[in-house]
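*Asks:* 3D model of this:
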Amino acid sequence: YHRGFSVQSSSADFSSSDKKKYFDKVLIANRGEIACRIIRTCDKLGIKTVAVHSTADARAIHVQLADESICIGPPASLLSYLNADKVLEAAQTSGAQAIHPGYGFLSENSTFSRKVNDLGMKFIGPSASSIEAMGDKITSKIIAHKADVNTIPGYNESINSAEQAMDVANQIGYPVMIKATAGGGGKGMRICYSDEELREGFKLSMAEARNFFNDERVFVEKYIEHPHHIEIQLLAGKTPDGSQIDVLCFPERECSIQRRNQKVIEESPSCLLLPDTRREMVKQVKRLVNEVGYESAGTVEFLVDEKQNFYFLEMNTRLQVEHPVSEEITNVDLVELMLRVAAGKGVPTELLTAANSTYDGMLPHKGWAMEARIYAEDPLRGFLPSIGPLLQYQEPPSTVYDGSGPIKIRVDSGVTEGSEISVFYDPMISKLIAYSDNRDRVIEGLVQALDRYVIQGVQHNAPFVQSVIHKEDFRKGKTPTDFILTHYPMGFTGIELSKEEQLRLAVSMVLLSKKRRELLNQPPLPMDHPFVDDHLFQPSEFEESSDVSKSVTFDQYVKRRQQPHISTLIVRFGGLFGKQGIYEVAMDSKTGRSLVRSMQNPTDESCYTSELPDEIISKFNVETLKYHPSSPIAEIHFSDDKAMAIQFHGEDDTGVLRVQIHGALLEVIVMSPRECELSKWMREPAKMDTSNVLQSPMPGTLITVSVMEGQEVEIGQELCVVEAMKMQNILRSSKKGIISKVKVDVGASVKVNQIIMEFEAS
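*Replies:* Next up is the predicted model:
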């Protein structure tokens, strides 16, 4: 799906034709990356900015970037970023002419929007009546139906009890989805397949809706299985004479890679849509916008099945998190367009003309863009939130390269090294965007950018993103909303490197360890000098092969002629006692050429014999190595044009290096063959027994305790609820037993791995 391509260096400028700025000063009622994003556009347009912040965000990046900043309260969102009166007071004090709400917080609060306008300022977004109409999920479905927009079957009124929800579910049939009436961003949503799941989900959805939106109303609708989540970005504004509303539709965004209804990867365009489907979607979007009288940026979301049937899901009356992918493929600044419409300048005529000239009625696009949301959460522990300071933080370069040339990389973030990921706010660290001429190159760009994105101090989901974009179905564009459930039925368990990747890493670690020791003035590793046939290291032998398939047998490898400039080291993955892989690497110190073979477990004495006739020895030639201990990334380039970026995450006292490659986290130790042989006599330290305790899997607040001391519990029984970043997480018993002690009081804060309760010893 292409309409041509050219790399864009900057967005189209529509303000140059207007002699007067849209506004002199704008207050941004938000924080983090979106606040920084809005400030950048305002700076470009010469508009002064005012940041608001909680006490927890006093040193945040958005505060530093703004021209002015005002503290509006303590860390809790309800007392700061959701405190409309404090935000309005700050706007009046600063003399701001307009308020941009970003997304989340007050962005879809109609009362706030109305108050902004009543005070003589401009709310940079839709009218209060539009927010009320489309921000309420029930009302929006009724309006969509009236505008002849396809809608999902369901109960279009607020549900008051779990019993009523079950009645509705049994009428329309399971599965159903509980949704917060005022919700968005996957909050307050639960998919239910039975009465039992619905009863529990109803309680949790109401609690989340109350926490996130201060509105606990929920409703129930049919859950469409295996759909694609596709949305249309729009910009609407009155013509200068006010006679009509112009509607500009952008190319669709595919947002189907979701976890718990929260988007993880978004791209534009979609691999699924056919031109006629796209054309009909645009028609329905325009009918809906005119029915509402909507102005500003907004997004209409649809569920689309494999037969191209589509259903209205909701309308987001704000700037979307994933708006950068639309900006990249159209070369348009959506924040600037929001400012323009709010200032009464309308939608640019040249964009409308361009969109009207296409078959589908969308703004023409060039190339492909894809965005990955990077969250501070632990994918190996069920994506539980992770908080703390960013001890090391380094964003990838703005350009990476493949065999066809440059690939643009964009990072929208609001953090830097030392920033704190707080329990009070959303755990998003950044949005990583790649842009190029086709989807394959965009995926390659994301892979390279993720390899070079250093985040230490908190757990994060970048390895999970790497895993997703390496899946064959993802590469083919087969990405329904149940993609993650289908491909990770037991959850994410980490990344396994391919055999070739392990071989290349083994060679790289020998070179890197030697260089690291030299630069840090550490003693060199003791090496053995094996009997290796020197002809195996001759240039002609390496030049004949461009990949790992050019191999020699073990018999050839053990020719009895010693070469003093060829030495051997052992590389072990998993640390000193690891069983993830053990490799013997023979390295020519003169040329950098190497041979590598996989070994058996060193506890098996046959590992040290030469009776392995079927063993394969792989050849590699490292052309360049770029590394310094002051940098967290090493770059290795092989003679077959393949490259590796290895992240260093530290070294312990025993010489074990923690490294990351392609999202795989490994402990690696480089040893002499003698050290490896002696390691078989060492015993692995015993691990702590945690079978009789319940630990908090995340930092947060203990909201409820469902059991008492002395109570007998069953496997799977609810023990307590921990709230983290406004999300409520039920902790269940993993065993049958008796609770001997509850160690934490309700309302108390808990740390990750803190013991909440103990079981009687079994």
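
*Asks:* can we go C-alpha only for contacts and neighbour counts from here?
*Replies:* OK.

*Asks:* Check which helix or strand residue 463 maps to.
*Replies:* Counting by DSSP states H and E, the element that carries residue 463 is helix 462-470.

*Asks:* continuing past that helix, what's the next helix or strand?
*Replies:* Using DSSP H and E, the helix or strand that follows helix 462-470 in sequence is helix 472-475.

*Asks:* Run through the neighbouring helices and strands of that following helix.
*Replies:* Helix 472-475 sits against no helix or strand, with contacts defined as 3 or more C-alpha pairs under 8 Å, 6 or more residues apart in numbering; DSSP states H and E.

*Asks:* same question for that helix, mean pLDDT?
*Replies:* Mean per-residue pLDDT for helix 472-475: 97.

*Asks:* okay, the helix or strand just after it in CSV with CA atoms only?
*Replies:* Using DSSP H and E, the helix or strand that follows helix 472-475 towards the C-terminus is helix 483-487. Taking Å, rounded to 0.1, in the frame of the first residue of the first chain, the C-alpha atoms of helix 483-487 are listed here in CSV:
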residue,chain,number,x,y,z
PHE,A,483,-2.6,-10.9,18.6
ILE,A,484,-0.9,-10.7,22.1
LEU,A,485,-3.3,-13.3,23.6
THR,A,486,-2.8,-15.6,20.7
HIS,A,487,1.0,-15.4,20.5
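
*Asks:* Okay, strands next: where are they in the stretch 651-762 of the chain?
*Replies:* Counting by DSSP state E, counting those that start in this stretch, the stretch 651-762 of the chain has these strands, from start to end: 657-661, 664-671, 693-695, 700-705, 712-713, 718-724, 727-732, 737-742, 749-750, 755-759.

*Asks:* would you turn those into CSV with distance to residue 149?
*Replies:* As requested, the strands of the stretch 651-762 of the chain are exported to CSV (distance: least, C-alpha to C-alpha, whole Å):
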stretch, distance to residue 149
strand 657-661, 47
strand 664-671, 45
strand 693-695, 49
strand 700-705, 42
strand 712-713, 50
strand 718-724, 38
strand 727-732, 33
strand 737-742, 53
strand 749-750, 47
strand 755-759, 50
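
*Asks:* Out of the ones you listed, which gets nearest to residue 361?
*Replies:* strand 727-732 (39.9 Å; C-alpha to C-alpha).

*Asks:* Check the offset of that closest one from the chain's centre.
*Replies:* Chain-centre distance of strand 727-732: 22 Å, with C-alpha atoms, centre = their mean, to the nearest Å.

*Asks:* Okay, now the sheet partners of it, with direction.
*Replies:* Strand pairing for strand 727-732, determined by DSSP bridges: strand 718-724 (antiparallel).

*Asks:* List of residues touching the partner strand?
*Replies:* Residues outside strand 718-724 that contact it (C-alpha atoms under 8 Å, 6 or more residues apart in numbering) are 385, 423, 696, 698-707, 728-733.

*Asks:* Please spell out the ChimeraX selection for the buried subset of these.
*Replies:* Selection of the buried residues among the contacts of strand 718-724 in ChimeraX, burial being defined by 16 or more other C-alpha atoms under 10 Å:
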select :385,423,696,698,699,700,701,702,703,705,707,728,729,730,731,732,733
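
*Asks:* Rounded mean pLDDT for stretch 226-244, please.
*Replies:* So the average pLDDT for stretch 226-244 ends up being 92.

*Asks:* So, low pLDDT: which residues of the chain?
*Replies:* For the chain, the stretches flagged by pLDDT under 70 are 1-20, 183-185, 526-566, 589-592, 600-617, 762.

*Asks:* what about the strands in the stretch 351-500 of the chain?
*Replies:* Using DSSP E, counting those that start in this stretch, strands in the stretch 351-500 of the chain cover 368-375, 377-378, 384-385, 388-389, 392-394, 399-402, 405-413, 420-421, 428-436, 454-456.

*Asks:* Adding distance to residue 32 as columns, could you present the ones you listed in a markdown table?
*Replies:* A markdown table is the format used below for these (distance: least, C-alpha to C-alpha, whole Å):
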| stretch | distance to residue 32 |
| --- | --- |
| strand 368-375 | 13 |
| strand 377-378 | 17 |
| strand 384-385 | 17 |
| strand 388-389 | 15 |
| strand 392-394 | 16 |
| strand 399-402 | 24 |
| strand 405-413 | 7 |
| strand 420-421 | 10 |
| strand 428-436 | 8 |
| strand 454-456 | 17 |
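
*Asks:* Out of those, flag the one nearest residue 284.
*Replies:* strand 368-375 (24.5 Å).

*Asks:* helices or strands up against the closest one?
*Replies:* By 3+ C-alpha pairs under 8 Å, 6+ apart, strand 368-375 packs against strand 262-268, helix 323-330, strand 428-436, helix 439-451, helix 462-470.

*Asks:* contacting residues around the longest one?
*Replies:* Right, the one you point to is helix 439-451. Residues outside helix 439-451 that contact it (C-alpha under 8 Å, 6+ apart) are 368-370, 396-397, 400-402, 407-409, 432-436, 462, 466, 469, 475, 645-647, 661-663.

*Asks:* what does the first one give?
*Replies:* Surrounding strand 262-268, the residues in contact under the criterion C-alpha under 8 Å, 6+ apart are 185-187, 251-258, 322, 325-326, 329, 368-374, 465.

*Asks:* The residues you listed, buried ones only, as a ChimeraX selection?
*Replies:* Only the buried entries of these go into this ChimeraX selection, using 16+ other C-alpha under 10 Å:
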select :187,251,252,253,254,255,256,257,258,322,325,326,329,368,369,370,371,372,373,374,465
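
*Asks:* how near is the closest residue to residue 364 other than its chain neighbours to residue 461?
*Replies:* Leaving aside its sequence neighbours, residue 364 sits nearest to residue 355 (C-alpha to C-alpha, 6 or more residues apart in numbering; 6.3 Å). Separation of residue 355 from residue 461 (C-alpha to C-alpha, to the nearest Å) stands at 37 Å.

*Asks:* swap in residue 750?
*Replies:* Plainly put, residue 750 is 22 Å away from residue 461 if you go by C-alpha to C-alpha.

*Asks:* same check, this time on residue 271
*Replies:* Taken as C-alpha to C-alpha, the span from residue 271 to residue 461 is 24 Å.

*Asks:* Residue 631 too?
*Replies:* Distance, residue 631 to residue 461, by C-alpha to C-alpha: 22 Å.

*Asks:* same deal with residue 665?
*Replies:* Per C-alpha to C-alpha, residue 665 is found 12 Å from residue 461.

*Asks:* Give me the more crowded residue out of these two.
*Replies:* Neighbour totals were compared for residue 665 and residue 461, and residue 461 leads with 22 against 19 (other C-alpha atoms under 10 Å).

*Asks:* which residues does the more buried one contact?
*Replies:* For residue 461, the contact set (C-alpha under 8 Å, 6+ apart) comprises 374, 375, 376, 377, 378, 379, 383.
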